[in-house]
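1. Next one to model:
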Amino acid sequence: MQDLKNYFDNYYRKKEKLMTCLSEYATSDVVLAFSGGVDSNILLKMCVEAAKPFGSKVYGVTVHTKLHPSGDLAIAKRVCEETGAIHKVIYADELMEAGIQDNPINRCYLCKKCIFVKIKEMAEELGVTKILEGTNEDDLHVYRPGIQALKELKIISPLADCMITKREVRELAREYGISVADRPSTPCMATRFPYGATLDYDQLKKVEEGENWFRAQGYYNVRLRVHGEILRIEVDEEDFVKIMLGRKEIIAKMKSLGYPYVTLDLEGFRSGSMDIHKIKK
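-> Have a look, this model is predicted:
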């Protein structure tokens with residue numbers, strides 16, 4: 001009971017600090033890199049509220065790419081309409097523009113640099129000097145080379161600056177009535193392939209189709225990791241029995257996507273599992 005009290009005491013202190021920071025940023029127009037995920041969602045909602053007393057504009061800028069699930073753009077548009085933010089869209093071909101066709105070890109850095117240069121250019125056109133994004137505290141403790149690109153470009157990360165964790169982000173989202181509060185994370189599709197693997201949009205689309213199929217069957221967290229002809233399925237451990245009961249249907253579906261060998265990862269779902277064996281480029 002005391003642990004729970006301590007958690008919420010800490011949570012409300014962080015929330016107050018975040019509100020203070022956003023109020024300072026929102027004295028003038030701000031741009032938020034807006035993916036439609038829960039981190040950028042809560043920032044968008046709170047930024048819009050912080051901007052109201054000043055009459056400032058909040059721009060939710062979505063970079064639409066083929067490396068992210070196709071449904072993200074529609075979600076981003078809907079959330080901007082819900083909050084009253086101004087939605088802007090930038091189109092990018094990261095494989096070519098960021099030079100990550102061979103999925104290099106610093107892919108995340110190159111990709112973030114490419115994307116946020118484009119966002120900075122749009123911000124300059126809008127006359128905005130403050131650019132925010134949704135990195136949280138937990139992101140600082142795992143392999144995230146893209147964070148270096150954010151630092152180099154002087155992008156502001158309010159959640160990380162206020163030490164707000166992913167759990168606390170979801171708590172904020174529920175408190176503020178964000179419609180995607182419990183939506184599972186949907187990171188870049190390139191994370192489904194080993195470093196050094198050649199990436200192409202057809203393969204990325206197949207993985208997205210496969211993961212969407214699993215979610216339609218009621219799975220919450222799912223990652224399809226591709227190792228050549230071998231497909232490694234990651235789901236939450238509590239879904240293992242469900243996987244085995246639906247084994248024949250799953251095999252048939254995955255083979256129809258072009259994967260002759262279909263496996264279940266006994267460690268279950270975990271973010272960043274491809275980072276275990278990083279290669280030198």
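2. Can you show me the helices along the stretch 51-200 of the chain?
-> Using DSSP state H, counting those that start in this stretch, the helices of the stretch 51-200 of the chain run over 72-83, 94-97, 107-126, 146-152, 158-161, 166-175.
3. could these go into JSON lines alongside distance to N221?
-> (Each C-beta comes from the backbone N, C-alpha and C, glycine too.) Shown next, in JSON lines, are the helices of the stretch 51-200 of the chain (distance: least, C-beta to C-beta, whole Å):
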{"stretch": "helix 72-83", "distance to N221": "17"}
{"stretch": "helix 94-97", "distance to N221": "24"}
{"stretch": "helix 107-126", "distance to N221": "20"}
{"stretch": "helix 146-152", "distance to N221": "22"}
{"stretch": "helix 158-161", "distance to N221": "21"}
{"stretch": "helix 166-175", "distance to N221": "13"}
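4. would TSV of the ones you listed with distance to Y25, mean neighbour count and mean pLDDT be doable?
-> Listed next are the helices of the stretch 51-200 of the chain as TSV, based on distance: least, C-beta to C-beta, whole Å; neighbours: other C-beta atoms under 10 Å; pLDDT from 0 to 100:
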stretch	distance to Y25	mean neighbour count	mean pLDDT
helix 72-83	16	18	85
helix 94-97	27	17	92
helix 107-126	13	19	96
helix 146-152	15	17	96
helix 158-161	7	21	98
helix 166-175	17	18	92
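5. Of all those helices, which one comes closest to D3?
-> helix 166-175 (13.4 Å; C-beta to C-beta).
6. and that closest one, what other elements does it pack with?
-> Counting contacts by 3 or more C-beta pairs under 8 Å, 6 or more residues apart in numbering; DSSP states H and E, helix 166-175 is packed against helix 2-25, helix 38-51.
7. Any buried residues in stretch 129-146, and which?
-> Neighbour counts over stretch 129-146 (16 or more other C-beta atoms under 10 Å) mark 130-139, 144-146 as buried.
8. what's the span of that stretch from first residue to last?
-> End-to-end span of stretch 129-146 (C-alpha to C-alpha, to the nearest Å): 21 Å.
9. what's the answer for stretch 174-186, then?
-> 19 Å.
10. How about stretch 247-263?
-> Termini of stretch 247-263 sit 10 Å apart (C-alpha to C-alpha).
11. Can you list the buried residues in it?
-> Under the neighbour-count criterion of 16+ other C-beta under 10 Å, stretch 247-263 has 250, 253-254, 257, 259, 262 buried.
12. Distance check, I100 against C188.
-> Distance from I100 to C188, counting by C-beta to C-beta, to the nearest Å: 10 Å.
13. Looking at the two, which one has more neighbours?
-> Taking other C-beta atoms under 10 Å, I100 and C188 do not tie; I100 has more neighbours (21 against 18).
14. That one - nearest residue in space that isn't next to it in sequence?
-> With C-beta to C-beta, 6 or more residues apart in numbering as the criterion, I100 has its nearest non-adjacent residue at 4.7 Å, and that residue is R107.
15. And Y259, by the same measure?
-> Leaving aside its sequence neighbours, Y259 sits nearest to L231 (C-beta to C-beta, 6+ apart; 3.9 Å).
16. The one you found: neighbour count?
-> Here the number of neighbours of L231 (other C-beta under 10 Å) works out to 24.
17. end-to-end on stretch 245-262?
-> Stretch 245-262: ends 15 Å apart by C-alpha to C-alpha.
18. ok so, going back, so who does the residue nearest to I100 touch?
-> Shown in contact with R107 (C-beta atoms under 8 Å, 6 or more residues apart in numbering): 98, 100, 145, 190, 195.
19. Now the first one. Nearest residue, chain neighbours left out?
-> If you skip the residues right next to it in sequence, A98 has C114 as its closest partner in space, 3.8 Å away by C-beta to C-beta, 6+ apart.
20. you'd agree the one you found is up against M96?
-> No - applying C-beta atoms under 8 Å, one finds C114 not in contact with M96, separated by 9.8 Å.
21. Now do the lowest-mean-pLDDT helix or strand in the chain against helix 38-51, angle only.
-> When each helix and strand of the chain is scored by mean pLDDT, DSSP states H and E, helix 72-83 comes last, with a mean of 85. Going by axes from the mean of the first three to the mean of the last three C-alpha atoms, to 10 degrees, helix 72-83 is angled at 30 degrees with respect to helix 38-51.
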